[in-house]
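A.B. asks: coordinates only, sequence not included:
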């Protein structure tokens with residue numbers, strides 16, 4: 001049997017004594033098995049239940065309203081926009097796949113009328129480079145729509161080349177609307193107003209609008225906005 005050197009034995013005894021002292025000290029300070037009587041252990045703080053609050057909902061109480069469908073007989077697939085034409089009592093709804101519908105502002109309306117199907121009705125694309133419609137994103141009517149019958153549609157095209165984005169794939173085009181009931185968008189009247197790289201657009205940034213009648217506060221973009229507005233008027 002090997003004998004432990006005296007020096008090593010003394011070191012082990014001192015280490016053991018130090019461990020015992022440290023264990024007792026930590027236990028009394030942080031709620032260990034040697035904590036003093038009546039001392040609350042760490043991590044077990046008792047909380048007084050709060051039973052007097054009358055708050056409901058999260059974070060504020062719910063409003064005293066009920067949500068109802070405005071047009072319960074109508075359904076649409078992936079609608080991205082809702083607008084009205086000046087001087088008209090009809091709503092216009094655009095679906096992501098390219099169809100735009102219109103319907104009277106009447107809760108009893110049972111059917112929406114097709115305004116235009118961008119994916120099928122438009123034929124002015126370069127068939128050598130364009131594969132199909134990627135998505136419809138925006139619709140706006142000219143402020144003087146009752147006089148000129150102009151509307152503006154924002155949409156994006158897919159390239160025939162996989163992985164390639166068309167340099168002019170995102171675009172805003174002007175169309176003329178028929179003076180019929182229900183109204184129809186004339187696909188043959190398309191005039192491309194502006195184009196940019198396909199994919200550089202989203203549903204939140206592609207909303208087509210016109211400046212308000214009251215001039216906004218001038219900014220560095222004011223000349224650019226005026227130029228673009230005059231270009232599509």
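C.D. replies: Yes, it's here. Bear in mind that the values here come from a model prediction, so they are computed numbers and not experimental data.
A.B. asks: Please, where are all the strands along this structure?
C.D. replies: Secondary structure of the chain (DSSP state E): strands at 79-84, 90-95, 99-104, 113-117, 130-141, 150-159, 170-177, 185-196.
A.B. asks: Switch those over to a markdown table; also include distance to residue 49, mean pLDDT and mean neighbour count.
C.D. replies: To be clear about C-beta, it is placed using only N, CA and C from the backbone, and glycine gets the same treatment. Converted to a markdown table, these look like this (distance: least, CB to CB, whole Å; pLDDT from 0 to 100; neighbours: other CB atoms under 10 Å):
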| stretch | distance to residue 49 | mean pLDDT | mean neighbour count |
| --- | --- | --- | --- |
| strand 79-84 | 47 | 93 | 16 |
| strand 90-95 | 51 | 96 | 21 |
| strand 99-104 | 54 | 97 | 20 |
| strand 113-117 | 60 | 97 | 19 |
| strand 130-141 | 53 | 91 | 21 |
| strand 150-159 | 56 | 93 | 22 |
| strand 170-177 | 58 | 93 | 20 |
| strand 185-196 | 60 | 93 | 15 |
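A.B. asks: Just send the ones you listed back as CSV, with distance to residue 15 too.
C.D. replies: As requested, those are arranged in CSV below (distance: least, CB to CB, whole Å):
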stretch, distance to residue 15
strand 79-84, 73
strand 90-95, 77
strand 99-104, 82
strand 113-117, 85
strand 130-141, 73
strand 150-159, 74
strand 170-177, 74
strand 185-196, 75
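A.B. asks: residues near residue 149, how many?
C.D. replies: Neighbour count for residue 149, taken as other CB atoms under 10 Å: 19.
A.B. asks: Look up how far residue 184 lies from it.
C.D. replies: Separation of residue 149 from residue 184 (CB to CB, to the nearest Å) stands at 11 Å.
A.B. asks: Thanks a lot, catch you later.
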